[in-house]
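**Q** Here is my input; please provide its structure:
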Amino acid sequence: MENPLNEIFALRLKTAMDAKGITINRLAEKCDIPVKKVKSWLDKKSCPRVTNIRKVVKALECSSDYLFGLKDL
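**A** All right, here's what the predicted structure looks like:
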């Protein structure tokens, strides 16, 4: 059974990436995070640690509340 938080995060992350036109490789590069890690988030296998969340929201110019389903864009 998948974790509902991972599902929400993966969907919102993909939506935010698409809105900014940012690929998995580009996000990983901008955040200095391994591509494999970003793929694991998008595959609903895990959610990022706080330090990586900060990097992702900065790169995507969105809020962590949005990524975790607490707010809309």
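
**Q** Grab the most central residue of the chain for me.
**A** Leu13 (3.8 Å; C-alpha atoms, centre = their mean).

**Q** mind listing what's buried in the stretch of helix or strand that residue belongs to?
**A** Taking DSSP states H and E as the definition, Leu13 sits inside helix 4-20. Neighbour counts over helix 4-20 (16 or more other C-beta atoms under 10 Å) mark Asn6, Ile8, Phe9, Ala10, Arg12, Leu13, Ala16, Met17 as buried. To be clear about C-beta, it is placed using only N, CA and C from the backbone, and glycine gets the same treatment.

**Q** Likewise for stretch 41-52?
**A** Under 16+ other C-beta under 10 Å, the buried positions of stretch 41-52 are Trp41, Leu42, Lys44, Cys47, Pro48, Asn52.

**Q** quick one: which two of those residues are the most distant?
**A** Lys44 and Asn52 (16.1 Å; C-beta to C-beta).

**Q** where are the low-confidence patches of this structure?
**A** Where the chain drops to pLDDT under 70, the residues are 1.

**Q** ok, the closest residue to Asp32 other than its chain neighbours - contacts?
**A** In space, and not counting its chain neighbours, Asp32 is closest to Lys55: 7.1 Å by C-beta to C-beta, 6 or more residues apart in numbering. Residues near Lys55 by C-beta atoms under 8 Å, 6 or more residues apart in numbering: Lys30, Cys31, Asp32, Ile33.

**Q** ditto for Val56
**A** Leu13, Leu27, Cys31, Pro48, Leu67 are the contacts of Val56 under C-beta under 8 Å, 6+ apart.

**Q** for the third one, what are its contacts?
**A** Which is Cys31. Per C-beta under 8 Å, 6+ apart, neighbours of Cys31: Val38, Asn52, Lys55, Val56, Ala59.

**Q** Repeat that for the second one.
**A** Residues touching Leu27, when contacts are defined by C-beta under 8 Å, 6+ apart, comprise Met17, Ile33, Val38, Val56, Ala59, Leu60.
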